[in-house]
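> Need the 3D shape of this:
(one chain, ligands or ions: 1)
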Amino acid sequence: MTDLVVVGGGIVGASTCYYAKQLGAKCALIERDGIASHASGYAFGGLHPRVVAKTESEMPRFAFESFREHEELHSQLESARLGSSTWRRRSSISIAWNEFEAGLFKAQAVDDSTGLKWLEARELRELEPRISSEALGGLMISNSAEVDSSALTKTLFELADPDLHLDEIVSVELVYDRINGLRTKQGTVLKGDAFVFSMGPWSSEALSWFGVDCNIKPLKGQILRLRVDGPVFQQSFSTNGNYMSTKPDGLLWIGTTEEDAEFDESPTIEGRREIIHVLERMLADPAIFEVIQQTACLRPIAPDGELVLGCVPGVSNAFIGTGGGRKGILYGPLMGKYLANLALATLSSDRWSSLTPERFEKT
Ligand SMILES: Cc1cc2nc3c(=O)[nH]c(=O)nc-3n(C[C@H](O)[C@H](O)[C@H](O)COP(=O)(O)OP(=O)(O)OC[C@H]3O[C@@H](n4cnc5c(N)ncnc54)[C@H](O)[C@@H]3O)c2cc1C
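Residues are numbered from 1 along each chain as shown. From the prediction side, this is the model:
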């Protein structure tokens, strides 16, 4: 008998299986399109634990603990030689283009203990002479890192080694307050003791099966991978939600757009133009580059912008994890660890109580 059935093979689903295996559980994973075939396979991979949120929000603490979980995962993978970890610490510099931004950044960098440092324009260009001379300076954030999100998701899946079903879940069979089985498009009914739904931006469907009124929206983003002449960039640079970093593949990755395009994941000419415009703004002389690849994918966004994580209300063996938004790769491993522990009843559900789907109305 399968202990845990997980729906969705992105970073949340793969992490859930990985941690469930560590707890000795037998898992099955159902994935419609392939492991890491959506956002978890095409994300930028930046791990930035700073979160601006309401004072009562648990998100800043979740982000901080998520960052630590990635570090821990990295040492586990390295020390046990469990596949290669792609985690690397990488400073990130937010560029200030006007006095308002410069003032904000300087105010944040008042105390060295935060890992934030204000760089004057001269210091910024000493570090990276290719940044545009229009930059007034930058906020250097040392507490940040990067991973290859595709490789990480696939590694976690391979190490967990669940029974993989390449199929789509279309409905749930409920008996009183428990799931009895999941019905697939190909007509199978999958049984298990507990069920985790990690369906990314398609999670509204799962929530509707349980009568939870929560619209998880897809927010499309596009990235360009460029071959650029000259030495690699040693830091990651950002401006207004756009990032630029040389990745281990030797290419400069730059993006990311934010578009409301429903579930359309195709790269567009408009997306490419927008990103090239960002490149032209960031670099003094961006003339020499070649577009090697353009990708697009969808971030899952909850109505209040926070994670939807925990027990499904009214169903004793169903759990959900979604809403990672722009930081879903950062949050993914900790979400998976928490879901595995909840589903296998090694943890009570009050740990991240404000993030549970209970905050949404039942229909
Ligand atoms: C352009 C871009 C850049 C990003 N950059 C970063 C970044 O730098 N740092 C960061 O932390 N985050 C980043 N993100 C966000 C991050 O990629 C996502 O938040 C995260 O990957 C979501 O993971 P997930 O497992 O929830 O969903 P997904 O990766 O979307 O996986 C969900 C899976 O569920 C499957 N599925 C859905 N419904 C069913 C069903 N009924 N039956 C079977 N399978 C089903 C889907 O096929 C899919 O494979 C970025 C996102 C985008 C779009």
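
> Now do the same contact list for whichever residue of the stretch 1-150 of the chain sits closest to the ligand.
Residue of the stretch 1-150 of the chain nearest the ligand, by Cβ to the nearest ligand atom: Gly10 (2.3 Å). In short, each C-beta sits where N, CA and C put it, glycine included. Counting by Cβ atoms under 8 Å, 6 or more residues apart in numbering, Gly10 makes contact with 36, 38-41, 153, 198, 200, 328, 332.

> domains of the protein?
The record's domain split for the chain, according to automatic domain parsing, is 4-81+148-216+303-359, 91-143, 217-300.

> Return the most buried member of those domains.
When the domains of the chain are scored by mean count of other Cβ atoms under 10 Å, the highest mean neighbour count falls to domain 4-81+148-216+303-359 (a mean of 20).

> can you give me how far that one is from the chain middle?
The chain centroid and the centroid of domain 4-81+148-216+303-359 are separated by 11 Å under Cα atoms, centre = their mean, to the nearest Å.

> Number the chain from 213, please
In the new count, where the first residue is 213, that last one comes out as domain 216-293+360-428+515-571.

> Give the next helix or strand downstream of the helix or strand harbouring Arg280.
Arg280 is part of helix 271-291 when elements are defined by DSSP states H and E. Next along the chain after helix 271-291, taking DSSP H and E as the criterion, comes strand 300-301.

> Could you check the pLDDT of the residue in the chain positioned nearest to the ligand?
Using Cβ to the nearest ligand atom, the closest approach of the chain to the ligand is made by Gly540 at 1.8 Å. Gly540 carries a pLDDT value of 98.

> For it, which residues are in contact?
222-224, 251-252, 255, 412, 511-512.

> So which of the residues you listed are in strands?
511-512 (DSSP state E).

> and the stretch 363-512 of the chain, which residues reach the ligand?
Within the stretch 363-512 of the chain, the residues that sit near the ligand (Cβ under 6 Å from any ligand atom) are 380-381, 410-414, 433, 435, 467-468, 509-512.

> in these, which two residues are the furthest apart from each other?
Greatest spacing in those, by Cβ to Cβ: Ile381 and Gly467 (30.7 Å).

> residue boundaries of the helices in the protein?
Applying DSSP state H to the chain gives helices spanning 223-234, 251-254, 271-291, 311-320, 333-339, 361-372, 415-421, 481-494, 540-555.

> can you list the ones you listed in TSV and add distance to Thr568?
Shown next, in TSV, are the helices of the chain (distance: least, Cβ to Cβ, whole Å):
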stretch	distance to Thr568
helix 223-234	15
helix 251-254	23
helix 271-291	13
helix 311-320	31
helix 333-339	43
helix 361-372	24
helix 415-421	12
helix 481-494	35
helix 540-555	10
